[in-house]
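S.K.: Build me a model from this:
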Amino acid sequence: MISTHHRSSRWDFIAVVQTRSLAEFNNVLNDVRSIDGIKSTESNLLLDSMIF
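M.R.: Next up is the predicted model:
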């Protein structure tokens, strides 16, 4: 887990994770989905970052 963010928007909570593979990402996502109270998830892949 890199960072977590509690938000007041469409998404209540955002977790930024970094994994070595899509298979590992899928495992993390399955763990998150198994947490009691999680009703749905949405994934977005970060393709590039720029630091100013």
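
S.K.: Other residues contacting stretch 11-25?
M.R.: Met1, Ile2, Ser3, Thr4, His5, His6, Arg7, Val28, Val32, Glu42, Ser43 (C-beta atoms under 8 Å, 6 or more residues apart in numbering). Where C-beta positions appear, they are placed from N, C-alpha and C, glycine not excepted.

S.K.: Can you tell me the SS state at the spatially most central residue of the chain?
M.R.: Geometric centre of the chain, nearest residue: Ala15, 4.1 Å, by C-alpha atoms, centre = their mean. Classification of Ala15 using DSSP: H, G, I helix; E, B strand; the rest coil returns strand.

S.K.: Next step: the contacts of stretch 11-25 restricted to helices.
M.R.: Val28, Val32 (DSSP state H).

S.K.: so of the contacts of stretch 11-25, which ones are in strands?
M.R.: Ser3, Thr4, His5, His6 (DSSP state E).

S.K.: State the paired neighbours of the lowest-mean-pLDDT helix or strand in the chain in the sheet, together with their directions.
M.R.: Least confident element among the helices and strands of the chain, by mean pLDDT, DSSP states H and E: strand 3-6 (a mean of 85). Looking at strand 3-6 with DSSP bridges, its partner strands are strand 13-16 (antiparallel).

S.K.: chain center to the strand it pairs with: distance?
M.R.: For strand 13-16, the separation from the chain centroid amounts to 5 Å (computed by C-alpha atoms, centre = their mean, to the nearest Å).

S.K.: Check stretch 5-18 too.
M.R.: The answer for stretch 5-18 is 8 Å, by C-alpha atoms, centre = their mean.

S.K.: Show me which residues of it are buried.
M.R.: When burial is assessed from 16 or more other C-beta atoms under 10 Å, stretch 5-18 yields no buried residues.

S.K.: what's the span of that stretch from first residue to last?
M.R.: 15 Å (C-alpha to C-alpha, to the nearest Å).
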